[in-house]
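> below are the sequence and a predicted model for it; my questions follow.
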Amino acid sequence: MNIIEDNKQKIELYKNKPIHSSYIAGLLDGDGTIFIRKINDGFQSGISLCQSRTNILQILRFNYGGIITKPTNIFTQNIFNEYGYYDINNKRNSYTLIIRSNEYEFLLEYIKDSIILKKNQISYLKEFSELVNKPNKLEEKEKLYLLCSQQNSTKTQDSYDYSKLNIEYIQGLFDAEGHIFVSFKKKDNIIRFTKSVYMKITQKSHTGILYEIQKFLGFGKVDGYNFYVDNFDDCKKFVILIKDGLIIKYNQIIAFEEYLKTYINKNEKYTDIIHQERERLYKIINMEKHQIEVYESIEYDPKQGLNLKINEKNEQIKIEKEIKLYTHTKVIQSEKKMGLLNPNYGKEMSEDHKSKISITNMEVKRGEKYSDEKIKEIFNLKGGIMLQKDVAEKYDCNREIIRRIWNEEMVSSDHPNYGKCKDNKPKKDTITSSQKTSETKKTLDNDVYIEIVLWKKKKLNNEKLDGKLISSPKLSEYLSKKYEQKVTVDIIKNIWCGKTKLHDFNFKDNNEISYDEYLEIISSK
């Protein structure tokens, strides 16, 4: 199969089979560049990857966008050595995939937790991406540009998180920096393939990763800048582990695997049949390593790949805006059209209409984060040894969600109450109009307000925050970072003095503080 046909086959294979995030991380840690550059009218940022085989570049472009650039001078003439094999000195064309700021957000999000050697650069780029289209951020952009440039220059970090190392990462790093070697010698004009074979991964800037790979695999050796696997048995083990995840060197490793099966013992004879088979397989390995590719762009359905991701994201944004608008409109309408002013006042809503509203409300509350399986998991923890706050921490959500699930206000789609109108709200005579108004004005979740009250309790007990006395500015900074939204000093002060009122129903499901204790705390100076 020629290179163009092989590229088409690889791209077709990975259209509906996502590449593992750790593979891409290993590939970029080996051959990629994460950059923030200065240009005449500002800054330029992106991710680039250089390769002489474009199959991986075209697969990544299909899924994550970007452009593939060609070298100025295109080489087309292959050179063959004296044995008739592709010469090691063939001038192969180097092609570069560049994904810039208008597209790289999907790739950044996908690999940010898998990257090891270029973790700092990825962090700087992610932070920079949030500032790209914002005005008056020159100072912040300049700082990130300097940090990223310095990191690319030094090429070393203070520490590396090798816990992210897995077989998919090694596959990506091998596709970038790996090498397969088969030896032969010529004597009396006769070529004989020797038993000398090895596989290696080269990494000059970060030799520490080589020792971690050796430790992870449990075999091989590190010598200088290389991790080696240099005997038939270890090569067989290594091939089995990495072959299915390779893209660039897949054809090479499949041929190499077959080559390893031709191993002969000392007392066995090197026959013509063995020679012919070894030479056939060597030619595949040699061709894959040294044959020149002349790049041809492969067209694909614009409704797939990156465009599909963009459309899905835009659709999600549209839905979120509609939900927000619907919720806002609903509050305004409920305030303006109460009682006799409401055209539906006194009318009985049909059960079908009630069911549709109930399902819509449940779906909005659940969102994408709470699948049927997760809701069932959380519900099964009710009545166990874990408190609401512990369950909320385990599932990374606020306790109001846990309360809803445990009270069967948020249920799975196969639950008997799904689609049925269930009134779990406080009765009208338990909440006044002024209480309802104050609740609608709150900008934070109920748990955050209660936590602020608990911080005042700690303050009264002379407890500390980060080793310092608790103050509203210090607490504002801490909570804003914790909840990733602004918790202002004024909000804290107003809660502490009771200006922002909490009510008895706010403390209904809280195991840490009662409503009476809250009243006592806010009255304390």
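Cool, the structure landed.

> enumerate every residue touching the most centrally placed residue in the chain.
With distances taken as Cα atoms, centre = their mean, residue 110 lies nearest the centre of the chain, 3.0 Å away. Listed by Cβ atoms under 8 Å, 6 or more residues apart in numbering, the contact set of residue 110 reads 21, 24, 64. (Each C-beta comes from the backbone N, C-alpha and C, glycine too.)

> got TSV for those, with distance to residue 480 and neighbour count too?
Listed next are the contacts of residue 110 as TSV, based on distance: Cβ to Cβ, whole Å; neighbours: other Cβ atoms under 10 Å:
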residue	distance to residue 480	neighbour count
21	30	20
24	33	27
64	32	23
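
> who's in contact with stretch 211-228?
Residues from elsewhere that reach stretch 211-228, judged by Cβ under 8 Å, 6+ apart: 162, 165-166, 170, 173, 198-204, 207, 210, 229-230, 234, 237-238, 241.

> local confidence estimate at the residue in the chain sticking out farthest from the centre?
The C-alpha centroid of the chain is most remote from residue 188, which lies 57.5 Å away (Cα atoms, centre = their mean). Residue 188 carries a pLDDT value of 80.

> state the distance from it to residue 283.
Note on residue 188: its distance to residue 283, by Cβ to Cβ, to the nearest Å, is 22 Å.

> check residue 403 too.
With Cβ to Cβ as the criterion, residue 403 and residue 283 are 68 Å apart.

> neighbour count: those two, which is higher?
Using other Cβ atoms under 10 Å as the criterion, residue 403 and residue 283 rank with residue 403 on top: 19 against 14.

> that one touches residue 387, doesn't it?
No: counting by Cβ atoms under 8 Å, residue 403 sits too far from residue 387 to count as a contact (11.6 Å).

> for stretch 88-102, what does the pLDDT average out to?
What stretch 88-102 shows for mean pLDDT is 93.

> ends of that stretch, how far apart?
End-to-end distance of stretch 88-102: 39 Å, with Cα to Cα, to the nearest Å as the criterion.

> ok, now stretch 151-159?
End-to-end span of stretch 151-159 (Cα to Cα): 13 Å.

> in that stretch, which residues are buried?
151, 152 (16 or more other Cβ atoms under 10 Å).

> off-centre distance for it?
With Cα atoms, centre = their mean, to the nearest Å as the basis, stretch 151-159 stands 22 Å off its chain's centre.

> you'd agree the residue nearest to the centre of the chain is in a helix?
Yes: according to DSSP: H, G, I helix; E, B strand; the rest coil, residue 110 belongs to a helix.

> tell me the pLDDT of it.
93.

> next: residue 81.
With respect to pLDDT, residue 81 scores 91.

> in the helix or strand harbouring residue 257, what's buried?
Take DSSP states H and E as the rule and residue 257 turns out to sit in helix 250-260. For helix 250-260, a neighbour-count test (16+ other Cβ under 10 Å) marks 250, 251, 252, 253, 254, 255, 256, 259 as buried.

> separation between the third one and residue 458?
What that stands for is residue 252. According to Cβ to Cβ, residue 252 and residue 458 sit 62 Å apart.

> give me phi/psi at the residue nearest to residue 122 when sequence neighbours are not counted?
The shortest distance from residue 122 to any non-neighbouring residue, by Cβ to Cβ, 6 or more residues apart in numbering, is to residue 115 (5.0 Å). With angles defined as degrees, to the nearest 10, residue 115 sits at phi -70, psi 150.

> cool, and residue 34?
The phi/psi pair for residue 34 (degrees, to the nearest 10) is phi -110, psi 120.

> the residue nearest to it when sequence neighbours are not counted: neighbour count?
In space, and not counting its chain neighbours, residue 34 is closest to residue 121: 3.8 Å by Cβ to Cβ, 6+ apart. Counted with other Cβ under 10 Å, the neighbours of residue 121 add up to 24.

> A helix includes residue 121, no?
Yes: counting by three-state DSSP, residue 121 is part of a helix.

> who does the helix or strand harbouring residue 227 pair up with?
Using DSSP H and E, residue 227 falls within strand 226-229. Next to strand 226-229 in the sheet, as set by DSSP bridges, lie strand 190-202 (antiparallel), strand 221-223 (antiparallel).

> pull the distance from the last one to the chain's centre.
In terms of Cα atoms, centre = their mean, the gap separating the centre of strand 221-223 from the centre of its chain is 32 Å.

> pLDDT on that strand, on average?
The average pLDDT within strand 221-223 is 96.

> make 39 the first number, not 1, from now on.
New numbering, starting at 39: the last item is strand 259-261.

> so for it, what gets flagged as buried?
By 16+ other Cβ under 10 Å, the buried positions in strand 259-261 come out as residue 260.

> could you list the domains of this structure?
Here the domain parsing of the chain from automatic domain parsing is 41-196, 206-328, 339-385, 388-462, 479-560.

> who's in contact with residue 158?
The neighbourhood of residue 158, defined by Cβ under 8 Å, 6+ apart, consists of 185, 186, 189, 195.

> low-confidence ranges, the protein, go.
Within the chain, the ranges that satisfy pLDDT under 70 run 39, 338-356, 358-360, 362-407, 457-476, 478-479.

> now do the strands in it.
Along the chain, counting by DSSP state E, strands occupy 70-77, 80-89, 105-107, 133-138, 216-225, 228-240, 259-261, 264-267, 502-503, 506-507.

> can you redo the ones you listed as TSV with distance to residue 412?
Output for the strands of the chain, formatted as TSV (distance: least, Cβ to Cβ, whole Å):
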stretch	distance to residue 412
strand 70-77	34
strand 80-89	33
strand 105-107	40
strand 133-138	33
strand 216-225	39
strand 228-240	39
strand 259-261	43
strand 264-267	40
strand 502-503	33
strand 506-507	38
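
> which of those is buried the deepest?
strand 264-267 (a mean of 22; mean count of other Cβ atoms under 10 Å).

> residue 553 contacts residue 542, doesn't it?
Yes: contact criterion Cβ under 8 Å: residue 553 and residue 542 qualify, at 4.4 Å.

> what about residue 250, how many residues nearby?
Other residues close to residue 250 by other Cβ under 10 Å number 19.

> actually residue 49, not the one I wrote
By the measure other Cβ under 10 Å, the count of residues near residue 49 is 20.

> what's the separation between it and residue 55?
Distance from residue 49 to residue 55, by Cβ to Cβ: 11 Å.

> what does residue 288 give?
Per Cβ to Cβ, residue 288 is found 13 Å from residue 55.

> what do you get for residue 162?
According to Cβ to Cβ, residue 162 and residue 55 sit 31 Å apart.

> what about those two, which has more around it?
Neighbour totals were compared for residue 162 and residue 55, and residue 162 leads with 25 against 9 (other Cβ under 10 Å).

> not counting sequence-adjacent ones, nearest residue to that one?
For residue 162, ignoring the flanking residues on the chain, the nearest one in space by Cβ to Cβ, 6+ apart is residue 186 at 4.3 Å.

> what separates the residue nearest to the centre of the chain from residue 54, distance-wise?
Distance of residue 148 to residue 54, computed by Cβ to Cβ: 16 Å.

> how near is residue 278 to residue 315?
20 Å.

> higher neighbour count, the two?
residue 315 (16 against 10).

> OK, contacts around the closest residue to that one other than its chain neighbours?
Sequence neighbours aside, residue 300 is the residue nearest to residue 315 in space, at 5.6 Å (criterion: Cβ to Cβ, 6+ apart). If you count contacts by Cβ under 8 Å, 6+ apart, residue 300 has them with 312, 315, 316, 319.
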